[in-house]
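Undergrad: based on what follows, work out the 3D shape:
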Amino acid sequence: MSDPTDPDRDDAALAAEFALHLLEPGERAAFEERLAVEPHLQALVRQWDADLAGLAAEVPPVAPPRRLKKAIDKRLHGPGIGPDGTPLWMRWRVGIGAALLALLVGLAVLFGDVLAPVPDGPVYRAELAAEDRALVVLASLDAATGVLAVDHVQGAPPPGRVLELWLIAEGAAAPVSLGVFADEGATRLTVPASLRPQFEGGTLAVSDEPPGGSPTGTPTGSVLATGAVTRL
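TA: Residues are numbered from 1 along each chain as shown. Sure thing, here's the model as predicted:
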């Protein structure tokens with residue numbers, strides 16, 4: 001068993017609670033301050049994010065048989081009576097209402113950009129592209145929530161490598177890792193509060209790194225794409 005006084009063990013527990021959003025506001029703010037400057041914490045959080053993201057994929061969805069619900073209602077309430085004691089014909093109106101609600105939800109998804117609420121803080125975006133556009137990545141940060149949406153449009157890392165996103169703040173001495181993102185599709189990363197203002201006038205870059213990300217806290221592989229950050 002590990003030594004409960006080992007500071008690395010405490011950091012692993014903090015990283016897990018951070019990834020699960022279990023930290024109190026004061027604890028989370030303190031952890032984010034450390035996260036901005038401590039590469040080993042960044043690696044722990046990236047590992048937890050990757051582990052937690054894979055949990056849902058291991059649980060196949062199972063739909064219960066439709067006859068099971070009907071059999072339970074009939075046994076509990078008798079034929080023709082719903083679980084709330086009302087005749088089943090009255091529930092048709094509920095079904096119509098549910099259909100209308102589903103239609104509204106579908107319209108909200110279809111026109112999400114129009115119906116979505118306006119963010120409370122600034123939004124920063126960047127297109128990162130190689131000179132030959134062999135790699136294209138889109139990134140968008142909601143500075144109010146710290147959610148960084150990374151959309152891997154095209155391209156792939158070299159075999160056995162992963163893609164890591166970096167923020168090069170204006171006037172900063174070194175880039176700061178924002179995390180490893182998926183080889184394809186969309187990834188959601190969390191940006192610490194202390195880093196969000198540094199997106200103003202900054203640059204984003206992508207490098208190829210060993211699995212799990214850079215072991216040094218700075219880029220160790222080739223810089224594959226860069227893009228200037230713009231504020232919307």
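Undergrad: what secondary structure does Ala16 sit in?
TA: Secondary structure, DSSP: H, G, I helix; E, B strand; the rest coil: Ala16 is helix.
Undergrad: and it, what's its pLDDT?
TA: pLDDT recorded at Ala16 is 85.
Undergrad: can you find the helix or strand of the protein with the lowest average pLDDT?
TA: Across the helices and strands of the chain, mean pLDDT, DSSP states H and E gives its lowest value to helix 112-115, namely a mean of 48.
Undergrad: ok, Leu165 to Arg67 distance?
TA: 50 Å (CB to CB, to the nearest Å). (Glycine included, C-beta is placed from N, CA and C.)
Undergrad: who has more neighbours, these two?
TA: Of the pair Leu165 and Arg67, Leu165 is the one with more neighbours under other CB atoms under 10 Å, namely 25 against 8.
Undergrad: after the least confident helix or strand of the chain comes which helix or strand?
TA: Counting by DSSP states H and E, the next helix or strand C-terminal to helix 112-115 is strand 123-129.
Undergrad: pLDDT (mean, whole number) over that next one?
TA: Computed over strand 123-129, the average pLDDT equals 95.
Undergrad: in it, what counts as buried?
TA: For strand 123-129, a neighbour-count test (16 or more other CB atoms under 10 Å) marks Tyr124, Arg125, Ala126, Glu127, Leu128, Ala129 as buried.
Undergrad: with only the CA atoms kept, save the next helix or strand after it in PDB.
TA: Proceeding N to C from strand 123-129, the next assigned helix or strand is strand 136-142, under DSSP H and E. Provided in PDB are the C-alpha atoms of strand 136-142 (Å, rounded to 0.1, in the frame of the first residue of the first chain):
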ATOM      1  CA  VAL A 136      -6.100  21.700 -39.100                       C
ATOM      2  CA  VAL A 137      -7.400  22.200 -35.500                       C
ATOM      3  CA  LEU A 138     -10.100  24.700 -34.400                       C
ATOM      4  CA  ALA A 139     -10.100  25.900 -30.700                       C
ATOM      5  CA  SER A 140     -12.700  28.000 -28.900                       C
ATOM      6  CA  LEU A 141     -12.500  29.200 -25.300                       C
ATOM      7  CA  ASP A 142     -15.400  30.400 -23.200                       C
END
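Undergrad: where do the helices of the chain begin and end?
TA: 7-19, 25-35, 39-55, 66-77, 91-110, 112-115 (DSSP state H).
Undergrad: mean pLDDT lowest where, among those?
TA: Going by mean pLDDT, the lowest-scoring of those is helix 112-115, which has a mean of 48.
Undergrad: Pro219 touches Val206, doesn't it?
TA: No - Pro219 is beyond contact range of Val206, at 9.3 Å (criterion: CB atoms under 8 Å).
Undergrad: the domain parsing of the chain - what is it?
TA: 7-57, 66-112, 123-231 (automatic domain parsing).
Undergrad: pick the most buried one from the ones you listed.
TA: Ranked by mean neighbour count under mean count of other CB atoms under 10 Å, the domains of the chain are led by domain 123-231, which reaches a mean of 17.
Undergrad: gap between the two ends of that one?
TA: End-to-end distance of domain 123-231: 6 Å, with CA to CA, to the nearest Å as the criterion.
Undergrad: which residue is the nearest non-sequential neighbour of Gln198?
TA: Using CB to CB, 6 or more residues apart in numbering and skipping residues adjacent in sequence, the residue nearest Gln198 is Ala169, 3.8 Å away.
Undergrad: same thing with Asp49?
TA: In space, Asp49 is closest to Ala19, 5.6 Å off (CB to CB, 6+ apart).
Undergrad: residue contacts, that neighbour?
TA: Shown in contact with Ala19 (CB atoms under 8 Å, 6 or more residues apart in numbering): Val45, Trp48, Asp49, Leu52.
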